[in-house]
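**Student:** Give me a 3D structure for the following:
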Amino acid sequence: MSNSDQTQNTTTKPRTVICIGDIHGYISKLQNLWTNLETLIDPSDFDTALVIFLGDYCDRGPDPRRVIDFLTSLPAKYPGQKHVYLSGNHDLAFSAFLGVLPKPSGGAEFKEGWEEYQQNEEREGWFKGDGYESMHLQGRRWAGNIKDRFNAAKGFEYKGSIYDAAPTFHSYGVDHGSADLVKAVPDDHKKFLANMVWIHEEDDVSIETEDGIKRCKLIAVHAGLEKGKNVEEQLKRLKVKDTRVPKVEALSGRKNVWDIPQELTEKPTIIVSGHHGKLHIDGLRLIIDEGGGQPNNPVAAIILPSKKIVRDTDNVVKEL
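**Tutor:** Residues are numbered from 1 along each chain as shown. Reported below is the predicted structural model:
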């Protein structure tokens, strides 16, 4: 351990950072995970923690509405914490359907993004109800009715659409694909969805490594950053929520966003994401999505600097 690292340990205790993976409507899992975190972490550290939710709050699980209620209640209950709510690809699509995404810049219209993916419209059964003419592509896909009901890649039936959005509609008391959802979602939920960020950066986050505790920049983004593309340009577009793009790779990509871009390895940068349906800790690349929205999988979190993994299923006993 270097002298500077030792100095940090003795003079300024690193802030606790908690990154919580995809929740997908599983309110009881979220509640259990939160209780476990509160039990395991020293109260003074927990009460001042930076808590980053990595996105995908809706779809698949039974109660997205109560998940958003829980998330919106945290700032009042834990005023000393800082809460960051990243948009996942599912949340972006939910927002798109409700019409709370920022308008495309330069006078563009959302429908200009449909054409690139038009060949999928029939198979995915894109939404054609009230308001579809001015809707972002992902909103139409989200509320659609997919033709082939079986998701061969995941081994189960789709829940309404390619996004498994039916449970979100039902949690607000309306049928899947109904335009009535726009009226059924309360204003504070719309505000929450409108205010989600596509990316979050922190300049000084501590993390345990083989060489002791390192202080790094941290970038949190739902899926990851694209390799082979200029990082600054990506960050710029994500910060302004550039909705001219019909599919945002940093929120929905797979292999192309798995690794840390080469230019960020020169100045060590932690990249933390959810999205991928796995738990993957490789150096400074942290992927926290053990649940994947599946009923029998846990919702997980990672605590920094220790890199301790906590799950909703952990049987945590408070130490006396």
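
**Student:** middle-most residue in this protein, spatially?
**Tutor:** By CA atoms, centre = their mean, the chain has its centre lying nearest to G55, at 1.4 Å.

**Student:** That one: which element?
**Tutor:** In the assignment (DSSP states H and E), G55 maps to no helix and no strand.

**Student:** distance of L86 from L92?
**Tutor:** 10 Å (CB to CB, to the nearest Å). To be clear about C-beta, it is placed using only N, CA and C from the backbone, and glycine gets the same treatment.

**Student:** do the same with I207
**Tutor:** 28 Å.

**Student:** more neighbours, those two?
**Tutor:** L92 (27 against 21; other CB atoms under 10 Å).

**Student:** Let me see the contact set for the more buried one.
**Tutor:** Going by CB atoms under 8 Å, 6 or more residues apart in numbering, L92 touches 101, 138, 198, 248, 251.

**Student:** pLDDT at it, what is it?
**Tutor:** Looking at L92, its pLDDT is 98.

**Student:** I213 pairs with what?
**Tutor:** E208 (DSSP bridges).

**Student:** Wait, it touches V205, no?
**Tutor:** No - in this structure, I213 is not within contact of V205 by CB atoms under 8 Å, at 10.5 Å.

**Student:** Touching both of the two, which residues are there?
**Tutor:** 14, 305.

**Student:** that older thread, would you list the contacts of L92 in CSV and tack on neighbour count?
**Tutor:** Listed next are the contacts of L92 as CSV, based on neighbours: other CB atoms under 10 Å:
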residue, neighbour count
L101, 22
Q138, 28
W198, 22
V248, 21
L251, 28
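
**Student:** Please flag which of the residues you listed sit within helices.
**Tutor:** Members of the contacts of L92 lying in helices (criterion: DSSP state H): 138, 251.

**Student:** would you turn the contacts of L92 into JSON lines with pLDDT?
**Tutor:** Converted to JSON lines, these look like this (pLDDT from 0 to 100):
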{"residue": "L101", "pLDDT": "97"}
{"residue": "Q138", "pLDDT": "98"}
{"residue": "W198", "pLDDT": "98"}
{"residue": "V248", "pLDDT": "98"}
{"residue": "L251", "pLDDT": "98"}
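
**Student:** Now do the strands in the stretch 51-200 of the chain.
**Tutor:** 82-85, 150-151, 156-157, 200-209 (DSSP state E, counting those that start in this stretch).

**Student:** okay, those in TSV with mean pLDDT and distance to G125 next?
**Tutor:** Shown next, in TSV, are the strands of the stretch 51-200 of the chain (pLDDT from 0 to 100; distance: least, CB to CB, whole Å):
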stretch	mean pLDDT	distance to G125
strand 82-85	98	30
strand 150-151	85	14
strand 156-157	87	14
strand 200-209	96	34
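
**Student:** so which of those strands comes closest to S73?
**Tutor:** Between S73 and the strands of the stretch 51-200 of the chain, the tightest spacing by CB to CB is seen for strand 82-85, at 10.4 Å.

**Student:** Need the CA coordinates for the helix or strand in which V310 is found. CSV is fine.
**Tutor:** Assigned by DSSP H and E, V310 belongs to strand 308-311. Presented in CSV, the C-alpha positions along strand 308-311 are these (Å, rounded to 0.1, in the frame of the first residue of the first chain):
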residue,chain,number,x,y,z
LYS,A,308,-18.8,-6.7,-0.6
ILE,A,309,-21.8,-8.2,-2.4
VAL,A,310,-25.2,-8.1,-0.6
ARG,A,311,-28.3,-9.9,-1.7
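
**Student:** now for that strand, which elements pack on it?
**Tutor:** helix 27-40, strand 300-304 (3 or more CB pairs under 8 Å, 6 or more residues apart in numbering; DSSP states H and E).

**Student:** For the last one, name the packing helices and strands.
**Tutor:** Here strand 300-304 is seen to pack against strand 17-20, helix 27-40, strand 200-209, strand 285-288, strand 308-311 when contacts are counted using 3+ CB pairs under 8 Å, 6+ apart.

**Student:** May I see the ones you listed organised as a markdown table, with distance to V231 added?
**Tutor:** Listed next are these as a markdown table, based on distance: least, CB to CB, whole Å:
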| stretch | distance to V231 |
| --- | --- |
| strand 17-20 | 20 |
| helix 27-40 | 31 |
| strand 200-209 | 11 |
| strand 285-288 | 14 |
| strand 308-311 | 27 |
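
**Student:** Next, the buried residues of stretch 53-70.
**Tutor:** Using 16 or more other CB atoms under 10 Å as the burial criterion, the residues of stretch 53-70 that qualify are 53-68, 70.

**Student:** how about the contacts of L92, which pair is most distant?
**Tutor:** Between all members of the contacts of L92, the farthest pair (by CB to CB) comes out as Q138 and W198, at 12.9 Å.
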